[in-house]
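> Requesting a structural model of the entry that follows:
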Amino acid sequence: MSAATLGLPSFPPRAPRGAGFLRGDEKFPDAARHELANPQLRRNIGKATHTIRAKRLAVTAELPDWEALREAGSAIKTDVMNRLPELLEQLEAAVTARGGVVHWAADADEANEIVTDLVRETGSDEVIKVKSMATQEIGLNEHLAAHGIRAYETDLAELIVQLGHDKPSHILVPAIHRNRAEIREIFLREMDGVDPGLDDDPSRLAAAARKFLRHKFMTVPVAVSGANFGIAETGTLGVVESEGNGRMCLTLPRTLITVMGIEKLLPRYADLEVFLQLLPRSSTGERMNPYTSLWTGVSAGDGPQAFHLVLLDNGRTAALADEVGRAALHCIRCSACLNVCPVYERTGGHAYGSTYPGPIGAVITPLLAGMDGADDPNSTLPFASSLCGACFDACPVKIDIPSMLVELRHQEVAQSGFGVEAAAMKAASVAMTKARRFAAAQKAIGLGRLLAGRKGRISRLPPPLNGWTAARDLPAPPKQTFRQWWDSAEGRAELDAARREGRS
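Predicted structure coming up:
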């Protein structure tokens, strides 16, 4: 399969969404309510996000050209989206010329089959894995397990999640919802050969994980990775990490299989200069990643002797055809938006029911997997935001996430037909077209004080408005409208005083 086979040159406006894309079983409000009832989770996530946020602010403030770097990153990614078919074919030619093999996967099912067949060809029933959002997105571990192949996550946080039979809750720190006491219990329960006297000291927990993984690094002949970047100019792939486990996976096995979303491209090798400054500062609050691994094809006698690159669409061309949503494909998976989001900080990542949580997940998941009506959990994700704009301010490539969320809300309301939101907007339109109607509506809203009672908050509204108060309280309407105040003696006196003081 090639870029042309995927339909990339024409970008059809109704391109199929990601088949096999993992999605949650619950709508966000229901899942969030469950997560909010876990005070330990809220403490764990709150502490971690505040720490990362403070580090990011410190290291970005050091750079006088930080905003210029953001502009450059945004411009490069815009160029990639405008020339994606051309750049993908350039990447394919460069990888092939250097001894690699390129495979094209239209969706998750196809990608899973390609990887499974490649592993089988090696004769191995085990693989070691570098942390990869793309393989989580397609459910690769589960697919391999169903075909008798065991995948071992080597990133410490991913290993904790895997051994705990859990799901990641953060793009960068998958086990952010776990504290060290919980991790100790997981290791004692699930890790072969662990010292029964293991305590929760972080260094001893890391040593236990290192001992467990070292045997796998030395014996498993196949590794599966994702890629932070793919360079069209040279065919180079790149992974950045903090532990070195990824480096072990990328150098020791005989066969390396990389699954990369087609949006991860950069046109030139020189573009890494921009992104290797943006990514570590935005993700871990570091000036540079401790391990930056770059590889190009196959080198005789050095590293893996078979390299396969699986280019994954899985709804990305459908997102690219969306004039508003396509900018979401600029995302470099830094997680900065999660760490500043007040909604994510309180609910954690599991409430989003997707590989991609937080503000960017609320955009990417509906774009890649679609929103199939009111019963689809994805249809509630664009509403999982206060639209405060903190995510836009933090994004290193300047993705306007709040505007995209508003557009996705519009699409969902338009798709669902004459629902509650559409009825409310129609009623507001009728009320606001005539001054008398608007004044009457203001008086009618004042009756809401009866619902608020002494506490001054409206916690329950009757159907169909109960969907609003299911997730939030409303303040009681004021006793006096602005128009009433304006017409009152108090209002006139305030206006006269303002005029005398030059404030009007």
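
> Now the lengthiest helix in the chain: average pLDDT?
Using DSSP state H to define each element, the chain has its longest helix at helix 39-61. Helix 39-61 comes out with an average pLDDT of 92.

> mind checking how far it is from the chain centre?
Relative to its chain's centre, helix 39-61 lies at 17 Å (Cα atoms, centre = their mean, to the nearest Å).

> And stretch 181-191, by the same measure?
Distance, centroid of stretch 181-191 to centroid of chain: 27 Å (Cα atoms, centre = their mean).

> buried set for it?
For stretch 181-191, burial by neighbour count (16 or more other Cβ atoms under 10 Å) applies to 182, 183, 184, 186, 187, 191. Backbone N, C-alpha and C define where each C-beta goes, glycine included.

> From the contact counts, what lies against the helix or strand harbouring the second one?
So the one you mean is residue 183. Using DSSP states H and E, residue 183 sits in helix 180-190. Other helices and strands packing on helix 180-190, by 3 or more Cβ pairs under 8 Å, 6 or more residues apart in numbering; DSSP states H and E, are helix 156-163, helix 202-219.

> hmm, try it at 10 Å
helix 39-61, helix 156-163, helix 202-219 (3 or more Cβ pairs under 10 Å, 6 or more residues apart in numbering; DSSP states H and E).

> Tell me how far the closest residue in space to residue 440 that isn't next to it in sequence lies from residue 51.
Distance criterion Cβ to Cβ, 6 or more residues apart in numbering; nearest residue to residue 440, sequence neighbours excluded, is residue 431 at 7.8 Å. To residue 51, residue 431 is 47 Å away according to Cβ to Cβ, to the nearest Å.

> Looking at the two, which is more packed in?
Legend: neighbour count by other Cβ atoms under 10 Å for residue 431 and residue 51, higher for residue 431 (17 against 12).

> That one: what's it in contact with?
By Cβ atoms under 10 Å, 6 or more residues apart in numbering, the contact set of residue 431 is 437, 438, 439, 440, 441, 442, 444, 445.

> Determine which two of those are furthest apart.
Maximum pairwise distance among the contacts of residue 431 (Cβ to Cβ): 12.5 Å, between 437 and 445.

> about what we covered before: could you look over the helices and strands packed on helix 180-190 and pick the most buried one?
helix 156-163 (a mean of 21; mean count of other Cβ atoms under 10 Å).

> on contacts alone, who are the packing partners of that helix?
strand 126-129, strand 150-153, helix 180-190, helix 202-219, helix 245-251.

> what mean pLDDT does the longest one have?
If I follow you right, that is helix 202-219. 93.

> again with the second one
When pLDDT is averaged along strand 150-153, the result is 96.

> Parallel or antiparallel, list what pairs with that strand.
Neighbouring strands of strand 150-153 in its sheet, by DSSP bridges, are strand 126-129 (parallel).

> rewinding a little: against residue 113, how distant is the residue nearest to residue 440?
Residue 431 is 56 Å from residue 113, by Cβ to Cβ.

> Tell me how many other residues crowd the closest residue to residue 106 other than its chain neighbours.
The spatial neighbour of residue 106 that comes closest, neighbours along the chain excluded (Cβ to Cβ, 6+ apart), is residue 313 at 5.2 Å. When neighbours are defined as other Cβ under 10 Å, residue 313 has 29 of them.

> What separation do you get for residue 313 and residue 144?
Distance from residue 313 to residue 144, by Cβ to Cβ: 20 Å.

> Could you do residue 123 as well?
Counting by Cβ to Cβ - residue 123 and residue 144 are separated by 15 Å.

> between the two, who's got more neighbours?
residue 144 (22 against 8).

> Mind telling me what element that one is part of?
Applying DSSP H and E, one finds residue 144 within helix 140-146.

> Figure out how far that helix is from the centre of its chain.
The answer for helix 140-146 is 22 Å, by Cα atoms, centre = their mean.

> Just the buried residues of that helix, please?
140, 141, 143, 144.

> Using TSV, please lay out these together with distance to residue 259 and pLDDT.
Putting the buried residues of helix 140-146 into TSV (distance: Cβ to Cβ, whole Å; pLDDT from 0 to 100) gives the following:
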residue	distance to residue 259	pLDDT
140	7	96
141	12	95
143	12	97
144	12	97
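
> out of the residues you listed, who's nearest residue 238?
residue 140 (20.1 Å).

> Filter the contacts of residue 431 down to the ones in helices?
Per DSSP H, the subset of these in helices is 437, 438, 439, 440, 441, 442, 444, 445.

> filter these to the buried ones?
Neighbour-count burial (16+ other Cβ under 10 Å) applied to the ones in helices among the contacts of residue 431 gives 441, 442.

> So residue 338 belongs to a strand, correct?
No: the assignment for residue 338, made by DSSP: H, G, I helix; E, B strand; the rest coil, is helix rather than a strand.

> ok, the residue lying closest to it once chain neighbours are set aside - contacts?
Spatially, and ignoring its direct neighbours in sequence, residue 338 is nearest to residue 358 (3.5 Å; Cβ to Cβ, 6+ apart). Neighbouring residues of residue 358 by Cβ under 10 Å, 6+ apart: 49, 169-171, 335-341, 343-345, 347-349, 352, 364, 384-385, 391, 401.

> For residue 196, what are phi and psi?
Main-chain torsions, residue 196, degrees, to the nearest 10: phi -60, psi -20.

> residue contacts, the nearest residue to it once chain neighbours are set aside?
With Cβ to Cβ, 6+ apart as the measure, residue 188 is the residue that lies nearest to residue 196, at 6.8 Å, once sequence neighbours are left out. Residue 188 makes contact with 194, 195, 196, 197, 198, 208 under the criterion Cβ under 10 Å, 6+ apart.

> what do you get for residue 290?
240, 241, 242, 243, 244, 247, 280, 284 are the contacts of residue 290 under Cβ under 10 Å, 6+ apart.

> Give me the mean pLDDT for stretch 377-397.
On average, stretch 377-397 scores 93.

> and if you look at stretch 111-124?
Mean predicted lDDT for stretch 111-124 stands at 98.

> in the stretch 301-450 of the chain, which spans are strands?
306-312 (DSSP state E, counting those that start in this stretch).

> start to end distance for stretch 132-152?
12 Å (Cα to Cα, to the nearest Å).

> So which bits of stretch 108-127 are buried?
Under 16+ other Cβ under 10 Å, the buried positions of stretch 108-127 are 108, 109, 110, 111, 112, 114, 115, 116, 118, 119, 124, 127.

> typed the wrong thing, it's stretch 261-278
Quick answer for stretch 261-278 (16+ other Cβ under 10 Å): 261-267, 269, 271-272, 274-278.

> how about the nearest residue to residue 383, chain neighbours excluded?
residue 409 (6.3 Å).

> residues contacting the one you found?
379, 381, 382, 383, 385, 387, 421.

> where's it relative to residue 369, distance?
Taking Cβ to Cβ, one finds residue 409 at 17 Å from residue 369.

> ok, residue 362 - how many residues close by?
31.

> now do the same end-to-end measure for stretch 259-269.
First-to-last residue span, stretch 259-269, Cα to Cα: 20 Å.

> same question, stretch 360-379
15 Å.

> I'd like to know how many residues surround residue 167.
18.

> Find the helix or strand that it is a member of.
Per DSSP H and E, there is no helix or strand for residue 167.

> distance of it from residue 32?
15 Å.

> Spit out the contact partners of the residue nearest to residue 328 when sequence neighbours are not counted.
Nearest residue to residue 328 in three dimensions, chain neighbours excluded: residue 363, at 4.7 Å (Cβ to Cβ, 6+ apart). Residues in contact with residue 363 (Cβ under 10 Å, 6+ apart) are 319, 324-325, 327-328, 331, 337, 356, 381-382, 385, 391, 399-405, 407-408.
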